[in-house]
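J.: test case, fold it:
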Amino acid sequence: MDVKEQITKAVDKITRDKGLQEQFRREPVKALESVLGVDLPDDIIDQVVQGVKAKLTADKVSDSVDALKGFLKK
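T.: Next up is the predicted model:
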């Protein structure tokens, strides 16, 4: 199983669905298993959860930096 591919797939789905974002905050394992459609082994699901959290955090930081750049150009 390609963990990086699963992370990308999960991030894409989670970022488009507010309800899924809330579920991921409360129950990341259940949210990912429903998004991916599989019951993953604990060691794999933990890697995917951490990867998704990191990617979502990085995307938020990137969006904030882009907004700040736009603000400073004014």
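
J.: what is the least confident helix or strand in this protein?
T.: Ranking every helix and strand in the chain by mean pLDDT, DSSP states H and E puts helix 42-73 at the bottom, with a mean of 68.

J.: list the helices and strands whichever strand or helix holds Ser34 packs on?
T.: For Ser34, the host element (DSSP states H and E) is helix 28-36. Judged by 3 or more C-beta pairs under 8 Å, 6 or more residues apart in numbering; DSSP states H and E, helix 28-36 is in contact with helix 3-15, helix 18-26, helix 42-73. Bear in mind the C-beta positions are built from the backbone N, C-alpha and C, glycine included.

J.: quick one, which of those is nearest to Glu33?
T.: Closest to Glu33 of the helices and strands packed on helix 28-36 is helix 42-73 (C-beta to C-beta; 7.1 Å).

J.: on that earlier part again, I'd like the helices and strands packed on helix 28-36 as TSV, with mean neighbour count and distance to Glu33 appended.
T.: TSV is the format used below for the helices and strands packed on helix 28-36 (neighbours: other C-beta atoms under 10 Å; distance: least, C-beta to C-beta, whole Å):
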stretch	mean neighbour count	distance to Glu33
helix 3-15	17	10
helix 18-26	14	11
helix 42-73	12	7
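
J.: present those as TSV; the columns should include distance to Ser34.
T.: As requested, the helices and strands packed on helix 28-36 are exported to TSV (distance: least, C-beta to C-beta, whole Å):
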stretch	distance to Ser34
helix 3-15	9
helix 18-26	8
helix 42-73	12
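
J.: nearest to Leu36 among these would be which one?
T.: Closest to Leu36 of these, according to C-beta to C-beta: helix 3-15, at 5.9 Å.

J.: now do that closest one and helix 18-26, the angle between them.
T.: Interaxial angle of helix 3-15 relative to helix 18-26 (axes from the mean of the first three to the mean of the last three C-alpha atoms, to 10 degrees): 120 degrees.

J.: what angle sits between helix 3-15 and helix 28-36?
T.: Going by the same axes, to 10 degrees, helix 3-15 is angled at 90 degrees with respect to helix 28-36.

J.: now for helix 3-15, which elements pack on it?
T.: Applying 3+ C-beta pairs under 8 Å, 6+ apart, one finds that helix 3-15 makes contact with helix 18-26, helix 28-36, helix 42-73.
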